[in-house]
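Participant: Curious how this folds, go ahead:
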Amino acid sequence: MNRRLVLLGLATLLASGCYGFAGGGLPQHVRTVAVLPFDNETATPELPRELQEALRLGLQNRLGLRDAPEERANAVVRGKVARYEIDIPVGFSANSGQATSARRRLRVIIDVEIFDQVTGKVLWTRTGMQAEGEYADRGEANGRKQAIERIVTDVIEGAQSQW
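Facilitator: Okay, here's the model as predicted:
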């Protein structure tokens, strides 16, 4: 009997629109998003493109937002890649007879903003957001992918916590 009441109550809330899953905590009118190319203040030309694509997919898959051109999107994500630091030593072997490869760390630092084009207000912004990734020798792309994944998670979680 109690289970039926709980299910009935949940169904009523969902049907009345008091609670929904689309947009993951974004304002109700935000259903589409455009992730603009990030400005690049680094010497790594592929980084902004990789970040843009990862953010676009993350917002679609994790928040249920549809991709749209900037002029038709409810919200716009924009920003800049401020710094990209590579080859930060993490660990290495002092014993030349040991086959341990060097571990390195990289750091990506960005400024990012989510702008609501319907209301004309900034929904969320963060400057100096940073993420790190580790990689083995000659594996910088793997470390960069880790850092970008962390940035996507931080942007989504940070934006959700504001609403």
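Participant: so what's Thr32 bridging to?
Facilitator: Taking DSSP bridges as the rule, Thr32 bridges to Arg66.
Participant: How about the contacts made by it?
Facilitator: For Thr32, the contacting residues are Leu65, Arg66, Asp67, Ala68, Arg72, Ala73, Asn74, Ala75, taking Cβ atoms under 8 Å, 6 or more residues apart in numbering as the criterion. Yep, even glycine has a C-beta here, placed from its N, CA and C like the rest.
Participant: Of all pairs in those, which one is the farthest apart?
Facilitator: Leu65 and Arg72 (12.9 Å; Cβ to Cβ).
Participant: Could you single out the nearest of the contacts of Thr32 to Thr127?
Facilitator: Of all those, Ala75 has the smallest distance to Thr127: 18.7 Å, by Cβ to Cβ.
Participant: OK, contacts around the closest one?
Facilitator: Leu26, Val30, Thr32, Val33, Ala34, Leu65, Ile114, Phe115, Asp116, Gln117, Val118, Leu123.
Participant: Tell me which strands the one helix or strand Gly128 maps to pairs with, and in which orientation.
Facilitator: Secondary structure here is read from DSSP states H and E; on that basis Gly128 sits in strand 121-136. Each strand that strand 121-136 pairs with, and the sense of that pairing, follows from DSSP bridges: strand 103-116 (antiparallel).
Participant: related to what we said a few turns ago, now distance to Leu51 and pLDDT too, for the contacts of Thr32, in a markdown table please.
Facilitator: Formatted as a markdown table, the entries for the contacts of Thr32 read as follows, by distance: Cβ to Cβ, whole Å; pLDDT from 0 to 100:
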| residue | distance to Leu51 | pLDDT |
| --- | --- | --- |
| Leu65 | 17 | 94 |
| Arg66 | 20 | 96 |
| Asp67 | 15 | 97 |
| Ala68 | 19 | 98 |
| Arg72 | 22 | 97 |
| Ala73 | 18 | 98 |
| Asn74 | 21 | 97 |
| Ala75 | 17 | 96 |
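Participant: could the contacts of Ala75 be laid out in a markdown table, adding distance to Tyr135?
Facilitator: As requested, the contacts of Ala75 are arranged in a markdown table below (distance: Cβ to Cβ, whole Å):
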| residue | distance to Tyr135 |
| --- | --- |
| Leu26 | 34 |
| Val30 | 36 |
| Thr32 | 35 |
| Val33 | 30 |
| Ala34 | 31 |
| Leu65 | 31 |
| Ile114 | 29 |
| Phe115 | 33 |
| Asp116 | 37 |
| Gln117 | 38 |
| Val118 | 41 |
| Leu123 | 33 |
